[in-house]
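Engineer: Structure, please.
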Amino acid sequence: MSSHPAPAVSVDRLVVLTGRILCDVSLSREAPRTTSPELMDRITPSFPHLARHACVNDEGPTFGAVMDRTSLPHLLEHLVIDLQVRASAQGRMSARTIANALPVPSDAGSVSARIGAHRPPGTGHPPAPSGADRPFGTSRPSASPGAERPSDASPGAHRPPAAGPASAADGPVFMGTTEWTDEHAGRARIQISFADDLVALRAIRDAVDFLNEALLSAPCGNETATES
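Structural biologist: Numbers count the residues shown, from 1 in each chain. Next up, the predicted model:
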C-alpha cells in the first residue's frame, strides 16, 4: 500500500497574538534548507509580486535580491504575506478562494499541513495591528544563505505593488520576521502581522500546501543544512 511522503514543511505550532501570528515550522530531514533558482521558477508564476516585496537584507531592499538563495521558512513568510495582500486587495476574499485559483504543477502530489491554532484565553478577536502591535519587521538574512537573525531584523512593509505611498485607502500593511530556532534540525519561527486572523490562518495553511507541492515537483539541490 502506497502512502504520501512526509511533507517537506510542517507547522508545529500557531499562536494568535494581538495583531500578529507566531508560527513555528519544521522542515523534514530530506527537505532543502534554502531556496534555489529552480524552485523559484516554479513559484513565481503563481506569485509574480514576490520579488517586489520590501525586505531588508544584505543584498538589497527587496525580497527579489535574495529569494533564490534564502531560507525556506523565509520564503514561506513572504508567501503568507502575499496571500494576505491579495485577500485584502480583493475585498477580503478568503485565502482559500485565492489559492484555489493558483496554478500548481500537474505532476505534484497534494500534501496537506496539519495546523492547529491556539488563541490565549480571553483575547477574543484581535484588532487590526497598530504600530505598537508590530514591533518587528522583515528579516535580514545573515552572511550564510538563508539564515535570518533577530538582531538583524529591520522594519519592512508589504502592500500591493501598485499601491504607491501609504494612505488609509491602501489597506493594511503586512509585516513579518523569520528566524531559525535550530537550523540544523530545520526548525524556524515566523511572525506575521494580520488584519483578519481567519484570513491569515488560511493563508498559512494554503502557503504551506503550495510550497510542499512545489517542492515535490522541483526539489532544491541542497538537501540538508550545513554548519559553518
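
Engineer: For this protein, just list every one of the helices.
Structural biologist: Taking DSSP state H as the criterion, the chain carries its helices at 37-43, 72-89, 95-100, 197-217.

Engineer: which one of the ones you listed is the most hemmed in?
Structural biologist: Compared across the helices of the chain, helix 72-89 shows the largest average neighbour count, a mean of 26 (mean count of other CB atoms under 10 Å). Every residue, glycine included, has its C-beta placed from N, CA and C.

Engineer: could I get it in CSV with only the CA atoms?
Structural biologist: Backbone C-alpha positions of helix 72-89 (Å, rounded to 0.1, in the frame of the first residue of the first chain) are rendered in CSV as follows:
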residue,chain,number,x,y,z
LEU,A,72,12.7,28.0,3.1
PRO,A,73,10.9,29.5,6.1
HIS,A,74,11.7,33.0,4.9
LEU,A,75,10.1,32.1,1.6
LEU,A,76,7.0,30.8,3.4
GLU,A,77,6.8,34.1,5.3
HIS,A,78,6.5,36.0,2.1
LEU,A,79,4.0,33.6,0.5
VAL,A,80,1.7,34.1,3.5
ILE,A,81,2.1,37.8,3.3
ASP,A,82,1.4,37.8,-0.4
LEU,A,83,-1.8,35.8,0.1
GLN,A,84,-3.0,38.3,2.7
VAL,A,85,-2.2,41.2,0.4
ARG,A,86,-4.3,39.6,-2.3
ALA,A,87,-7.2,38.9,0.1
SER,A,88,-7.2,42.5,1.2
ALA,A,89,-7.0,43.8,-2.3
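
Engineer: Just the angle for it relative to helix 197-217, thanks.
Structural biologist: 130 degrees (axes from the mean of the first three to the mean of the last three CA atoms, to 10 degrees).

Engineer: follow-up on the earlier one: Ile190: which of the helices of the chain is closest?
Structural biologist: Nearest to Ile190 among the helices of the chain is helix 72-89; the distance by CB to CB comes to 4.9 Å.

Engineer: circling back: can you list the helices of the chain in CSV and add distance to Phe63 and mean pLDDT?
Structural biologist: Compiled in CSV, these are given as follows (distance: least, CB to CB, whole Å; pLDDT from 0 to 100):
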stretch, distance to Phe63, mean pLDDT
helix 37-43, 10, 96
helix 72-89, 5, 96
helix 95-100, 19, 48
helix 197-217, 14, 95
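
Engineer: quick one, which of those is nearest to Thr62?
Structural biologist: helix 72-89 (10.4 Å).

Engineer: Low-confidence stretches in this protein?
Structural biologist: For the chain, the stretches with pLDDT under 70 are 1-4, 92-170, 218-228.

Engineer: The residue nearest to Ala200 when sequence neighbours are not counted: how many residues sit nearby?
Structural biologist: Spatial nearest neighbour of Ala200, excluding adjacent residues (CB to CB, 6 or more residues apart in numbering): Phe194 at 3.6 Å. Around Phe194 there are 28 other residues, counting by other CB atoms under 10 Å.

Engineer: Phe194 and Ser88: what is the separation?
Structural biologist: According to CB to CB, to the nearest Å, Phe194 and Ser88 sit 10 Å apart.

Engineer: tell me, what's touching these two both at once?
Structural biologist: Common contact partners of Phe194 and Ser88 (CB atoms under 8 Å, 6 or more residues apart in numbering): Pro172.

Engineer: Thank you kindly, that will do.
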